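>>> build me a model:
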Amino acid sequence: MFSVLGFAAGGLLSAGLYKIVEDRTGLPMSMHAPRTGGIFLLTLGMCWIAGLLATRKLRHADPADLC
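Okay, here's the model as predicted:
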């Protein structure tokens, strides 16, 4: 859920920055769907791996140490 919300906010910010840079420099810049989709999949993957690492630490923790 965090990765989807973070990606949406970051995507909107990035699209705005792309437009500003394109207007000021005259360089053609655009966010293509395949690139955006790939970045979204990488974002989901990184969040998934981080979640797995965090839960792995919890499985090996002593319940008395968690309080």
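>>> for the chain, which spans come out with low pLDDT?
Applying pLDDT under 70 to the chain picks out residues 66-67.
>>> how about the helices in it?
Assigned by DSSP state H, the chain shows helices spanning 2-25, 33-59, 63-66.
>>> make a markdown table out of the ones you listed and add mean neighbour count.
The way it works is simple: take the backbone N, C-alpha and C, and place the C-beta from them, glycine included. Below are the helices of the chain laid out as a markdown table (neighbours: other C-beta atoms under 10 Å):
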| stretch | mean neighbour count |
| --- | --- |
| helix 2-25 | 12 |
| helix 33-59 | 11 |
| helix 63-66 | 6 |
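>>> in the protein, which residue is most central in space?
In the chain, the residue lying closest to the centroid (C-alpha atoms, centre = their mean) is T43, at 3.8 Å.
>>> G6 is in contact with that residue, correct?
Yes. At 7.2 Å, T43 counts as touching G6 under the criterion of C-beta atoms under 8 Å.
>>> Y18 and F7: what is the separation?
15 Å (C-beta to C-beta, to the nearest Å).
>>> grab the nearest non-local neighbour of V21.
Leaving aside its chain neighbours, V21 sits nearest to M29 (5.9 Å; criterion: C-beta to C-beta, 6 or more residues apart in numbering).
>>> what sits against the one you found?
By C-beta atoms under 8 Å, 6 or more residues apart in numbering, the contact set of M29 is Y18, V21, E22.
>>> tell me which of these is nearest to A61?
Taking C-beta to C-beta as the measure, A61 lies nearest Y18 of the contacts of M29, at 43.7 Å.
>>> quick one: contacts for that closest one?
Neighbouring residues of Y18 by C-beta under 8 Å, 6+ apart: M29, S30, M31.
>>> next up, phi/psi of the first one, please.
So the one you mean is M29. phi -130, psi 140 (degrees, to the nearest 10).
>>> could you do H60 as well?
In terms of degrees, to the nearest 10, the main-chain angles of H60 are phi -90, psi 0.
>>> what of L27?
Main-chain dihedrals, L27, degrees, to the nearest 10: phi -80, psi 140.
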